[in-house]
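>>> build me a model from this:
(2 chains)
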Amino acid sequence: EPEVTQTPSHQVTQMGQEVILRCVPISNHLYFYWYRQILGQKVEFLVSFYNNEISEKSEIFDDQFSVERPDGSNFTLKIRSTKLEDSAMYFCASSAGLRGAGGNTEAFFGQGTRLTVV
Amino acid sequence: ILNVEQSPQSLHVQEGDSTNFTCSFPSSNFYALHWYRWETAKSPEALFVMTLNGDEKKKGRISATLNTKEGYSYLYIKGSQPEDSATYLCAFIGTGGFKTIFGAGTRLFVKA
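The predicted structure follows:
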């Protein structure tokens, strides 16, 4: 069964460093998303990506963050100059969006990358 | 500020009990509501995608209803089993179909 895969499963980084979280969405999916969950808090939407550009982003997704689909299969989230409060579980998801948008088709989630900023 | 509320926060039931929980969401700019089942150490798994007011969907012993005019959805589990133990998340998707607002989840514990 096709699945979304994320690497690494756990990343520890020093404050101020840049990290890149990697995701391989399901191959025929067109819509890609990043979410995060800070420990003990709700899952939060970060960004959606379609047709090689950001389609929507939340207030959290500021200039510190960027996304890229460098090679047609990977979907990456880059966090520049990490802060302690960036420590969270980051989830990637993808959907087929058969009816023209990601909202009315189910999203498939990866298992997440736990980012710890020290 | 758009908010999605789920209640109860947690629920303990006995095997065989039927149970239900609620997701409340903004009644304006509605596009879709998703329900996910999330087991510890796994990724959230989509249960239902609901788009139309009055929608009722069913998957085995689990079903869901949707009322977009008043802004709520119910998830029902009939005859709970220990393997139903998980966190059930709802997610509101506003007009445009991309930005998603999650509830905090209902944590279900089913005791054998």
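
>>> tell me the helices and strands packed up against the helix or strand of chain B with the lowest mean pLDDT.
Ranking every helix and strand in chain B by mean pLDDT, DSSP states H and E puts strand B:100-102 at the bottom, with a mean of 90. Contacts defined by 3 or more C-beta pairs under 8 Å, 6 or more residues apart in numbering or on different chains; DSSP states H and E place strand B:100-102 against strand A:31-37, strand A:43-50, strand B:86-94. Where you see a C-beta, it was placed from the backbone N, CA and C, and this is true even at glycine.

>>> tell me, how many residues neighbour residue 76?
As the question left the chain open, I've gone with chain A. A:T76: 16 surrounding residues under other C-beta atoms under 10 Å in any protein chain shown.

>>> wait, I meant chain B there
For B:Y76, the neighbour count with other C-beta under 10 Å is 15.

>>> so it touches B:W35, yeah?
No - contact criterion C-beta atoms under 8 Å: B:Y76 and B:W35 do not qualify, at 10.9 Å.

>>> if we can go back for a sec, now distance to A:T82, mean neighbour count and mean pLDDT too, for the helices and strands packed on strand B:100-102, in TSV please.
What follows is the helices and strands packed on strand B:100-102, written out as TSV (distance: least, C-beta to C-beta, whole Å; neighbours: other C-beta atoms under 10 Å in any protein chain shown; pLDDT from 0 to 100):
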stretch	distance to A:T82	mean neighbour count	mean pLDDT
strand A:31-37	13	24	94
strand A:43-50	14	23	92
strand B:86-94	26	23	94
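
>>> now render these as TSV, adding distance to A:S66.
Formatted as TSV, the helices and strands packed on strand B:100-102 follow (distance: least, C-beta to C-beta, whole Å):
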stretch	distance to A:S66
strand A:31-37	11
strand A:43-50	9
strand B:86-94	23
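
>>> touching the least confident helix or strand of chain B from outside, list them.
A:33, A:35, A:42-45, A:103, B:2-4, B:25, B:34, B:89-94 (C-beta atoms under 8 Å, 6 or more residues apart in numbering or on different chains).

>>> now with 6 Å, please.
Residues outside strand B:100-102 that contact it (C-beta atoms under 6 Å, 6 or more residues apart in numbering or on different chains): A:42-43, A:45, B:2, B:4, B:89, B:91-93.
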